[in-house]
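Visitor: predicted model follows, preceded by the sequence.
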Amino acid sequence: MFKRVRYYIFLKDVLLLALSAFGGPQAHIALMFDLMVKKRRYLSEEDLIELNALCQILPGPTSTQTITAIGFRIGGPNLAYLTLLVWMIPAVTIMTIAGIIISHLQARSISIEFTKFIQPMAVGFVSYAALRISQKVIKTKTAAVILVLAAIGSFVFKSPFVFPLLILAGGAFTAFKYKAQPIEEKDRIKIQWANFILWAGFFVFIAALGGVTRSLPVRLLENFYRSGSLIFGGGQVLIPLLYTEFVEFKRYLTSEEFLTGYAMVQTVPGPVFSFCAYIGTLAMRNFGIGGQIVGALVASIGIFLPGTFLIFFVIRFWEGLKKYRIIKASLEGINAASSGMVVAAAVLMFLPLESNVQNIAVIAGTFVVLVFTKIPAPVIILLGLGAGFLF
């Protein structure tokens, strides 16, 4: 009985975070410290820092994996899956509704000109993300070179299949610097493969099913599952892959629709990866509202599930794995390549916009406000929407 009450309170706390956690992974972690460490004492500060660090080096949404891992520690896999659902549902619901509204307006040839300011604002947000991530992870000349090469590679080739190759190449390059890492005493690692097999098996199954059926929902599930399995660094790093795959490669969305959705997700609490629900909704716009809801569901399942499988797999033997120098050394290149892709995304997202004074001023203004003030992102976006309606 005590456990059930504790689990109920924990899930209620997760819902509170899902409805109030604005500002991306860094802000989410700060709120987790306040509520889950200081107030509820579900775990220690050291435990939360370590869990967050582990999630940062795994593909998938960092704050989502962190809060799911906390649920796993408290109540095992069942509570962890419930945690994932409670955490993602509010943001996914909001972004699904946003996608339905945008597609409804477009289908009736109603202008979305009121979004004209928030589209360049989205470029300003991505530019700011590129700056913040670069400041955080670029500490050496090697990392700077990897950033530049990754940015050029993702800009030139513009293929969703290039991104995982760039990340793996960056990690492999800095792995050779492992001798610079301190030696730690190692214990024998005992690996339980069940969740890894589940992750890989589902990956192969949906890829084969999509190839056989050619069903759009199944192909969307595979597209997002692949993205969630291969992207390191959180929502900002996901953006260039989504833009390349769904705007430039498959043309499920226009650049205007993509930028509008990305700006909107800045006003929504919870995980930035909920943006995928918006993309899934628009990708299925020809199948009615029911089809759009299916699109949002498969996109959300696809993007969130692989990171959950992987954190369940790795958390069991992380204590031993993190002592290996080659693992620590590879993180420098992985993070540098990821930040380079965000730099390229800012350029790619700017190119479809008109290069007029208004758009450049809005991009620059958004970037400056984010760098030099503490105005919350939702307030900035709402001001942009208000200005679009007025002018």
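Guide: Yep, that arrived.
Visitor: check which element follows the longest helix seen in the chain along the chain.
Guide: For the chain, the helix with the greatest residue count under DSSP state H is helix 62-107. Later in the chain than helix 62-107, the nearest helix or strand by DSSP states H and E is helix 118-137.
Visitor: how about that next one, which residues are buried there?
Guide: 118-134, 137 (16 or more other C-beta atoms under 10 Å). C-beta coordinates here come from the backbone N, C-alpha and C atoms, glycine included.
Visitor: do the same with stretch 370-386
Guide: Neighbour-count burial for stretch 370-386 [16+ other C-beta under 10 Å]: Leu370, Ala377, Ile380, Ile381, Gly384, Leu385.
Visitor: residues in contact with the fourth one?
Guide: So that's Ile381. By C-beta atoms under 8 Å, 6 or more residues apart in numbering, the contact set of Ile381 is Ile118, Met121, Ala263, Met264, Gln266, Thr267.
Visitor: and these, which is closest to Val342?
Guide: Among the contacts of Ile381, Gln266 lies closest to Val342 (C-beta to C-beta), at 15.1 Å.
Visitor: surely that closest one touches Phe125?
Guide: Yes: using C-beta atoms under 8 Å, Gln266 is in contact with Phe125, at 6.0 Å.
Visitor: what is in contact with the two at once?
Guide: Ala377.
Visitor: so how many other residues sit close to the nearest residue to Ser134 once chain neighbours are set aside?
Guide: In space, and not counting its chain neighbours, Ser134 is closest to Ser339: 4.9 Å by C-beta to C-beta, 6 or more residues apart in numbering. Per other C-beta atoms under 10 Å, the neighbour tally for Ser339 reads 29.
Visitor: and what of the one 10 residues further on?
Guide: When counting by other C-beta under 10 Å, one arrives at 25 neighbours for Met349.
Visitor: ok, Gly76 next?
Guide: Gly76, neighbours per other C-beta under 10 Å, totals 11.
Visitor: just to revisit the earlier point, can you list the buried residues of stretch 370-386 in CSV and add distance to Tyr178?
Guide: CSV is the format used below for those (distance: C-beta to C-beta, whole Å):
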residue, distance to Tyr178
Leu370, 36
Ala377, 38
Ile380, 42
Ile381, 43
Gly384, 46
Leu385, 49
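Visitor: what's the angle from the helix or strand containing Phe309 to helix 62-107?
Guide: Assigned by DSSP H and E, Phe309 belongs to helix 288-314. Put simply, helix 288-314 runs at 170 degrees to helix 62-107, going by axes from the mean of the first three to the mean of the last three C-alpha atoms, to 10 degrees.
Visitor: before we move on, back to that, what mean pLDDT does the longest helix of the chain get?
Guide: Mean pLDDT, helix 62-107: 90.
Visitor: and what of stretch 191-203?
Guide: Mean pLDDT, stretch 191-203: 90.
Visitor: what sits up against that stretch?
Guide: Tyr225, Arg226, Ser229, Leu305, Pro306, Phe309, Leu310, Phe312, Phe313, Arg316, Phe317.
Visitor: and it, C-alpha only, in CSV?
Guide: What follows is stretch 191-203, C-alpha atoms only, in CSV (Å, rounded to 0.1, in the frame of the first residue of the first chain):
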residue,chain,number,x,y,z
ILE,A,191,25.3,-7.0,-19.3
GLN,A,192,21.6,-7.9,-19.5
TRP,A,193,20.7,-7.8,-23.2
ALA,A,194,16.9,-7.9,-23.0
ASN,A,195,16.2,-4.2,-23.6
PHE,A,196,18.9,-3.9,-26.3
ILE,A,197,17.4,-6.8,-28.1
LEU,A,198,14.0,-5.2,-27.8
TRP,A,199,15.3,-1.9,-29.2
ALA,A,200,17.1,-3.5,-32.1
GLY,A,201,14.4,-6.1,-32.8
PHE,A,202,11.7,-3.4,-33.0
PHE,A,203,14.0,-1.3,-35.3
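Visitor: for it, buried residues please.
Guide: Asn195, Leu198, Trp199, Phe202, Phe203.
Visitor: what of stretch 282-302?
Guide: Of the residues in stretch 282-302, 282-285, 291-302 count as buried by neighbour count, 16+ other C-beta under 10 Å.
Visitor: nearest to Asn78 among the residues you listed?
Guide: For the buried residues of stretch 282-302, the nearest to Asn78 is Ile301 (17.7 Å; C-beta to C-beta).
Visitor: what's the closest non-adjacent residue to that closest one?
Guide: Per C-beta to C-beta, 6+ apart, closest to Ile301 is Leu221, 6.6 Å.
Visitor: cool, and Leu131?
Guide: Using C-beta to C-beta, 6+ apart, the nearest residue to Leu131 is Val371, at 7.2 Å.
Visitor: now do the one you found against Val126, distance only.
Guide: 14 Å (C-beta to C-beta, to the nearest Å).
Visitor: hang on, the earlier thing: mind checking pLDDT for the residue nearest to Ile301?
Guide: pLDDT, Leu221: 95.
Visitor: from memory it sits against Phe205, does it?
Guide: No: contact status for Leu221 versus Phe205: not in contact, 10.2 Å apart, counting by C-beta under 8 Å.
Visitor: so for these two, which sits in the more crowded spot?
Guide: Leu221 (26 against 12).
Visitor: quick one, the helix or strand hosting that one and helix 288-314 angle?
Guide: Using DSSP H and E, Leu221 maps to helix 216-230. For helix 216-230 against helix 288-314, the angle between stretch directions is 30 degrees (the same axes, to 10 degrees).
Visitor: good, we can wrap up now.
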